[in-house]
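Engineer: This is the structure alone, sequence omitted:
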């Protein structure tokens, strides 16, 4: 079994900061890309940021310069530092990891349970 456990969501005023964490545990041989997605009420889930095993990053245009994704490969953990938060950042944030459970196996997508981020104006 593989689990992704997220933490760090909450309620913050506009202009504030939050840091999300997501730790992968269980039967893991290797982790390829990791990322953060979000889903606001009535909207589709969208990509926020991704990071490869070599720490190459990509961001949704609207979060560039405000959010920073990072990872600690030794801890199988990905982080999302969110600064200058705005009400439009309000959503449930999900972490994603592409994991190979044993050598030679295919990569499989795993998801966290989601953590609520609410930004008040």
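Structural biologist: Noted; the coordinates are in hand. Not measured: the values here are computed from a predicted model. Numbers count the residues shown, from 1 in each chain.
Engineer: Tally up the residues packed near residue 121, please.
Structural biologist: Each residue near residue 121 was counted by other CB atoms under 10 Å, and the total is 9. Every C-beta, even on glycine, is put in place using the N, C-alpha and C of the backbone.
Engineer: if I look at the closest residue to it other than its chain neighbours, how far off is residue 14?
Structural biologist: Nearest non-adjacent residue to residue 121, counting by CB to CB, 6 or more residues apart in numbering: residue 87, 4.8 Å away. In this view, residue 87 and residue 14 are 6 Å apart by CB to CB, to the nearest Å.
Engineer: Quickly list what's touching both of the two.
Structural biologist: 119, 120, 121 (CB atoms under 8 Å, 6 or more residues apart in numbering).
Engineer: separation between the last one and residue 112?
Structural biologist: If I follow you right, that is residue 121. Counting by CB to CB, the gap from residue 121 to residue 112 is 27 Å.
Engineer: Likewise for the first one?
Structural biologist: Separation of residue 119 from residue 112 (CB to CB): 20 Å.
Engineer: which regions of the protein lie under the pLDDT threshold?
Structural biologist: Under the criterion pLDDT under 70, no range of the chain is flagged.
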